[in-house]
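Asks: this one's sequence-less:
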């Protein structure tokens with residue numbers, strides 16, 4: 001099998017599974033739908049792993065091939081092709097592995113859902129769209145994958161389409177992403193205008209020659225063209241990767257089934273923006289202004305979204321705000337020119353965040369789809385596998401030494417500390433304070449869910465829709481199709497950081513994909529003091545982030561295990577701050593009143609004053625009234641008597657003769 005065929009099969013196998021499970025769902029049945037999709041994604045993962053192994057062994061260099069030309073316009077070729085370098089192969093493996101775990105997990109989680117085949121079709125299609133995005137070698141295909149993941153996320157968030165909150169959530173996600181995608185499309189248009197091509201290799205090779213070029217924008221301002229392109233592209237990333245203020249759709253995406261929450265938050269959709277900025281490093285590197293903007297947006301998101309996670313009671317929403325915060329960390333790393341650190345954290349985060357979401361889904365099943373942590377507690381004795389894997393995911397998330405999240409998060413913090421870019425001081429404060437906050441909300445989730453006293457009761461014959469805190473039967477551990485993915489995700493959540501930090505961050509693994517100017521290379525400075533993964537973990541015991549993490553652990557343990565009254569007292573003493581966090585800084589209310597309601601009011605005013613008033617009453621009806629008035633008066637001339645018409649003809653003839661005589665030549 002040729003390399004080109006192999007690369008084609010990687011995205012097309014999940015697509016084939018999606019088509020079979022979706023269009024032929026009645027023919028393949030429920031079992032057939034999960035067999036064809038898991039087989040497609042599984043083979044895609046196997047081929048992706050083979051590509052990665054070939055690159056690790058040095059038998060495969062960067063591959064940049066065009067599959068076919070879609071169209072040619074004014075000499076510009078719009079092509080479909082693949083760029084497979086080390087960044088691509090890493091992303092391919094992350095996407096397909098996490099997706100495979102989600103597919104297996106879905107067998108157990110969705111087994112009673114009437115939309116079983118449709119769900120498998122959608123998640124396989126999601127995998128195809130993300131693979132097309134990360135494997136693209138040009139902006140056209142990137143945009144196709146970009147919009148495709150947005151479309152499928154819309155379908156999956158609103159999967160339970162009879163549920164009003166799910167429909168509102170998927171519409172919200174769709175609209176907010178359209179805002180970001182408008183900027184993204186402007187950026188691609190600017191690339192085409194500036195470079196005359198959409199091919200990555202050609203654009204990146206010319207980027208350095210455009211450093212001094214400017215573009216006029218509305219208002220008479222002159223912007224550096226690379227800054228303009230970078231900012232526009234990043235606005236797209238703000239929508240996809242849920243950076244403030246375009247973050248509001250991601251927590252509401254929890255309305256979809258839990259497997260898709262894991263897939264969106266861990267391997268697809270939200271990681272697209274981080275990947276895109278890293279891929280565009282040859283453009284971003286020439287704009288310090290754009291990188292400072294990226295860094296500050298990430299800093300605000302990392303700190304502010306983590307604080308909201310502390311007051312959430314829905315088990316999935318706590319993890320969702322955790323995702324927002326961790327995406328902020330990745331964005332800060334991008335702004336500090338530590339692109340490799342951002343991708344490294346993307347990779348480690350994919351494993352432990354998928355683990356946490358799927359673990360939350362296991363708990364939700366056991367609690368008969370109760371998601372409020374205030375009605376849980378004491379579940380560790382009922383669900384030992386879920387409990388242990390949840391601890392592993394939590395330790396990875398908070399950055400405990402030797403766990404995967406420690407290496408990637410600590411690298412970001414150190415990179416920002418060494419950065420001299422404008423805004424790095426603010427960003428450093430945000431990511432360091434975020435360590436304390438992450439520990440607080442993470443252990444709060446663990447304690448309220450698995451530890452302490454049971455805050456639920458088992459009531460026989462309670463019905464299909466019991467009140468909060470009541471269950472028809474005692475919780476129990478989930479079946480193997482749910483616990484097996486948890487175990488398989490827990491393994492890389494522990495070891496992947498220790499195993500890969502040296503090649504990915506300090507061994508030049510991503511040098512063929514990412515370009516960093518020497519003056520911005522903060523990771524090179526860190527590499528000079530890197531003495532191995534073990535030494536890095538032991539050294540962390542003497543650093544501020546580690547002790548902030550311990551402080552967060554101690555504070556959360558004190559409050560949620562021994563003195564829960566402290567939380568109530570804090571809430572009573574600081575009601576304004578609590579309401580601010582509980583209402584998520586009023587972003588939703590602001591958008592509702594200013595944009596949603598404002599757009600409705602604008603539309604009504606345009607209807608009444610412009611459409612109904614000026615156009616209908618003024619132009620259309622007004623023209624009719626003028627014709628009616630004129631016709632009413634002309635009608636009086638039509639008497640029906642012959643002598644009236646003869647008289648009119650004589651008068652007309654006299655008038656014509658008078659004009660002719662007056663204007664005759666020689667007069």
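Replies: Alright, I've got the coordinates. Note that the structure is a prediction, hence the values are computed from the model and not measured. Residues are numbered from 1 along each chain as shown.

Asks: use CA for all of it now, contacts and neighbours both
Replies: Noted.

Asks: buried residues in the longest strand along the chain?
Replies: Ranked by residue count under DSSP state E, the longest strand found in the chain is strand 63-73. For strand 63-73, the neighbour count (16 or more other Cα atoms under 10 Å) marks residue 64 as buried.

Asks: List the strands paired with it, with their directions.
Replies: In the sheet containing strand 63-73, its partner strands are strand 76-84 (antiparallel), by DSSP bridges.

Asks: Please name the residues that touch residue 40.
Replies: 13-17 (Cα atoms under 8 Å, 6 or more residues apart in numbering).

Asks: typo on my end, it should be residue 359
Replies: 386, 389-390, 486.

Asks: go again using 10 Å as the cut-off
Replies: Counting by Cα atoms under 10 Å, 6 or more residues apart in numbering, residue 359 touches 258, 262, 316, 353, 365, 385-390, 393, 478, 482-483, 485-486.

Asks: just for the stretch 351-500 of the chain, where's the confidence low?
Replies: 462-465 (pLDDT under 70).

Asks: which stretches of it form helices?
Replies: Along the stretch 351-500 of the chain, counting by DSSP state H, counting those that start in this stretch, helices occupy 384-398, 404-418, 424-450, 480-501.

Asks: Enumerate the positions of the longest one that are buried.
Replies: It stands for helix 424-450. 424, 427-428, 430-450.

Asks: what packs against that helix?
Replies: helix 288-311, helix 315-335, helix 339-366, helix 384-398, helix 404-418, helix 544-557 (3 or more Cα pairs under 10 Å, 6 or more residues apart in numbering; DSSP states H and E).

Asks: Repeat the analysis, applying 7 Å as the threshold.
Replies: helix 288-311, helix 315-335, helix 384-398, helix 404-418, helix 544-557 (3 or more Cα pairs under 7 Å, 6 or more residues apart in numbering; DSSP states H and E).

Asks: one step back: hmm, who's touching the longest strand of the chain?
Replies: 77-85, 137 (Cα atoms under 7 Å, 6 or more residues apart in numbering).

Asks: Tell me how far stretch 588-602 lies from the chain's centre.
Replies: In terms of Cα atoms, centre = their mean, to the nearest Å, the centre of stretch 588-602 is found 23 Å from the chain centre.

Asks: how long is it from one end to the other?
Replies: 19 Å (Cα to Cα, to the nearest Å).

Asks: what's next to it, contact-wise?
Replies: residue 248.

Asks: thinking again about what came up before, so which of the helices of the stretch 351-500 of the chain gets nearest residue 531?
Replies: Closest approach to residue 531 among the helices of the stretch 351-500 of the chain is made by helix 480-501 (11.3 Å; Cα to Cα).

Asks: For the closest one, which helices and strands make contact with it?
Replies: helix 86-109, helix 339-366, helix 384-398, helix 404-418.

Asks: For residue 347, which non-adjacent residue is spatially closest?
Replies: Closest residue in space to residue 347, ignoring its immediate chain neighbours: residue 94 at 6.6 Å, by Cα to Cα, 6 or more residues apart in numbering.

Asks: Give me the neighbour count for residue 378.
Replies: 17 (other Cα atoms under 10 Å).

Asks: what sits against it?
Replies: Neighbours of residue 378 in contact, by Cα under 7 Å, 6+ apart: 449-454.

Asks: Can you mark which positions in the least confident helix or strand in the chain by mean pLDDT are buried?
Replies: In the chain, no helix or strand scores lower on mean pLDDT, DSSP states H and E than helix 597-605, which sits at a mean of 71. Applying a neighbour-count criterion of 16+ other Cα under 10 Å, one finds nothing buried in helix 597-605.

Asks: out of the helices of the stretch 351-500 of the chain, nearest to residue 641?
Replies: Short answer: helix 424-450, nearest of the helices of the stretch 351-500 of the chain by Cα to Cα, at 94.2 Å.

Asks: That closest one vs helix 384-398, what angle?
Replies: 170 degrees (axes from the mean of the first three to the mean of the last three Cα atoms, to 10 degrees).
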